[in-house]
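1. got a sequence here, can you model it:
(one chain, ligands or ions: 1)
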Amino acid sequence: MDETFMQNVAQKCDHFENDPETFKSWLNKIEKFTLDFTQKCSLIDTKARDVEQKHTNKEPMGEEDELDHSNIDDKAHIEELGKAKEVSRLKGWGKMDFSEQWDMDKALGVIQENMGYTGGKVGCRLGFIPSSGLVVSCLGELLARIINPHTALFYSNPGAVQLEEEMVRWLVEFVGMPTSSQGALVSGASIASIMAVRTAVQAKHIKARDYHRQVVYITQHTHRCILKALKICGMAECEVRTVKHDYGTRMDPEHLETSLKEDMQNGLHPFMIIATLGNVDIGAIDPLDAIATVAKRHDTWFHVDAAYGGFYMFSKEVRQKSKGVELADSLIISPHKGLNLPWGSSALLVKHGAYLHAAMTLDTQGNYLADTQHDHYSPSEYSLELSRPFRALPLWLTLRLLGTSHFEDCIREKMALTMFCYDELKKIPDIKVGPVPELSIVAFQLKSKDNKKLDELLTKINQDGRLYLSSTKIDGELYIRLSFNSMSTHTTHVKKALQIIKEFLMLILI
Ligand SMILES: *Cc1c(COP(=O)(O)O)cnc(C)c1O
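-> Modelled structure (predicted):
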């Protein structure tokens with residue numbers, strides 16, 4: 001053994017890991033960067049998209065640009081896809097040659113240059129469903145990462161795992177699900193959806209040979225992550241029934257019932273109903289109570305996607321409209337949406353925790369896990385993951401420090417901003433607003449229903465960069481949508497947004 005080498009490595013590790021001066025100097029630089037970042041993002045004139053545009057030579061991927069997987073077996077086609085990737089590789093981050101060591105200043109400079117002042121903390125960023133990534137949660141993340149407990153098993157860190165179990169329990173109570181419920185914190189609703197589908201298959205004892213006879217009920221406004229989950233679970237061949245919806249994009253429970261009956265008459269098996277509490281298009285809430293009744297009558301798994309809308313139940317009005325949510329067999333709620341935690345925070349809750357456990361465990365454990373058997377809750381037995389971050393800590397710290405009343409206020413503010421924006425847009429003669437918002441998304445189109453002009457409006461607004469919006473389709477018609485979910489968005493931003501919309505509306509209509 002080369003003693004000198006060993007000592008050198010140990011010393012270097014010490015320098016990077018344990019030297020208080022190094023750590024303090026890094027923390028100071030990051031503190032400065034963070035303060036500058038949050039301050040600038042809060043400035044109303046920040047260009048919401050300027051740096052992103054530097055990286056994209058063309059417009060965001062439209063429908064016609066979507067990757068074509070149909071000839072995925074074709075070798076030449078695969079090579080072509082590989083080439084396209086080369087061309088669009090980002091520049092600006094420097095050569096990925098890590099033999100050279102940079103200091104923190106240089107690294108932060110490049111981060112600043114490439115990221116600018118983008119992200120959810122920019123108040124005028126109203127595309128998709130933004131999340132500001134609350135700084136207190138980010139600090140909770142830092143703590144969780146510094147402590148870095150292994151949270152897969154009770155045995156590996158009982159304290160951390162107990163906190164996770166308690167947070168899951170808090171979520172169960174918040175939603176109103178029964179005490180038999182169990183769940184896990186996961187990275188996002190897409191992963192949670194895979195787990196939900198797998199759990200439903202387990203609970204309903206569906207065999208692979210019968211997948212083609214299973215029917216899943218969605219609407220046009222169900223998030224596509226559930227279709228992706230079905231595909232990943234090997235259930236692409238099951239039938240997906242698109243249930244009719246009303247003008248407000250809410251599922252029609254009567255049509256659901258008729259579809260189910262028809263399918264049963266045709267020898268198919270209604271397997272899973274996907275209801276949504278707050279769809280991504282316009283934040284509509286499906287009639288959960290009525291859907292739950294249909295699900296119960298036909299012994300069908302009732303899944304509620306409350307990824308975005310779940311925490312809007314801090315509003316009494318939303319909670320009333322969401323009656324029936326507590327009857328879900330499985331439910332997804334994402335702190336990284338409604339609570340504005342940084343991305344990577346979602347939860348799957350299952351009414352009968354035993355089904356989730358059965359779906360996420362093997363009959364036999366790995367040999368090295370033999371001494372970990374416990375009667376206690378272990379997250380890895382309720383989730384896809386084994387090694388995983390300490391997600392409970394940032395969630396706990398955020399709620400602990402800000403308190404639920406703060407979120408009640410914030411949700412109320414977002415809903416009020418939404419109605420204000422809706423009412424103001426309604427006053428503009430050339431604009432036709434979409435359905436009355438139920439949560440925090442406003443959709444509008446042109447009275448003329450000129451989709452080309454509307455698209456031009458969206459492009460011009462986003463190219464300008466002071467405001468960032470996105471679009472959606474309802475019954476085949478294009479709408480521009482504004483989503484007020486970021487905790488950095490307030491009255492001033494909405495007024496600014498309205499002014500910018502009017503500005504460009506005049507431009508495209510002359
Ligand atoms: C965001 C969202 C999803 C997808 O969640 P991810 O966490 O991004 O995977 C699913 N459903 C709804 C309603 C959403 O808003």
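
2. for the chain, give me the ranges with low pLDDT.
-> Along the chain, the parts satisfying pLDDT under 70 run over 44-74, 77-91, 365-374.

3. quick check: longest helix of it.
-> If you go by DSSP state H, the chain has its longest helix at helix 392-426.

4. buried residues, that helix. List them.
-> Buried positions in helix 392-426, judged by neighbour count with 16 or more other Cβ atoms under 10 Å: 392-399, 402, 407, 410-411, 413-415, 417-418, 420-422, 424-425. For glycine as for every other residue, the C-beta is placed from the backbone atoms N, C-alpha and C.

5. equivalent analysis for stretch 223-232, please.
-> Using 16+ other Cβ under 10 Å as the burial criterion, the residues of stretch 223-232 that qualify are 223, 225, 226, 227, 229, 230, 232.

6. among the residues you listed, which two are most distant?
-> Of all pairs drawn from the buried residues of stretch 223-232, the greatest distance, 14.5 Å, lies between 223 and 232 (Cβ to Cβ).

7. gap between residue 146 and the ligand?
-> Residue 146 sits 25 Å away from the ligand, going by Cβ to the nearest ligand atom, to the nearest Å.

8. could you check how many residues crowd around that residue?
-> 9 (other Cβ atoms under 10 Å).

9. and the helices in the stretch 151-300 of the chain, which stretches?
-> 158-175, 189-203, 225-232, 253-265, 288-297 (DSSP state H, counting those that start in this stretch).

10. could I get the shortest one in PDB with only the CA atoms?
-> Okay, so that is helix 225-232. What follows is helix 225-232, C-alpha atoms only, in PDB (Å, rounded to 0.1, in the frame of the first residue of the first chain):
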ATOM      1  CA  CYS A 225     -48.600  10.600 -17.700                       C
ATOM      2  CA  ILE A 226     -51.200   8.000 -17.000                       C
ATOM      3  CA  LEU A 227     -51.000   6.800 -20.600                       C
ATOM      4  CA  LYS A 228     -47.200   6.700 -20.300                       C
ATOM      5  CA  ALA A 229     -47.600   4.800 -17.000                       C
ATOM      6  CA  LEU A 230     -49.800   2.200 -18.800                       C
ATOM      7  CA  LYS A 231     -47.300   1.900 -21.600                       C
ATOM      8  CA  ILE A 232     -44.400   1.500 -19.100                       C
END
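
11. and that helix, anywhere near the ligand?
-> Yes: contact of helix 225-232 with the ligand (Cβ under 6 Å from any ligand atom) involves residue 225.

12. which helices and strands sit right next to that helix?
-> Contacts defined by 3 or more Cβ pairs under 8 Å, 6 or more residues apart in numbering; DSSP states H and E place helix 225-232 against helix 189-203, strand 214-218.

13. what residues are up against the residue in the stretch 1-150 of the chain positioned nearest to the ligand?
-> Taking Cβ to the nearest ligand atom as the measure, the stretch 1-150 of the chain has residue 129 as its residue closest to the ligand, at 5.3 Å. Residue 129 sits next to 280, 308, 337, 441, 483, 485 when contact means Cβ atoms under 8 Å, 6 or more residues apart in numbering.

14. pull the most distant pair out of those residues.
-> Pairwise distances across these (Cβ to Cβ) peak at 11.8 Å, for the pair 337 and 441.

15. more crowded one of those two?
-> Comparing residue 337 with residue 441 by other Cβ under 10 Å, the one with more neighbours is residue 441, at 30 against 27.

16. so that one makes contact with residue 281?
-> Yes: taking contacts as Cβ atoms under 8 Å, residue 441 lies within contact range of residue 281: 7.4 Å.

17. what touches both of those two?
-> Common neighbours of residue 441 and residue 281 (Cβ under 8 Å, 6+ apart) are residue 481.

18. ranking the helices of the stretch 151-300 of the chain by burial, who's on top?
-> helix 189-203 (a mean of 24; mean count of other Cβ atoms under 10 Å).

19. relative to strand 214-218, how tilted is it?
-> If you take axes from the mean of the first three to the mean of the last three Cα atoms, to 10 degrees, helix 189-203 sits at 140 degrees to strand 214-218.
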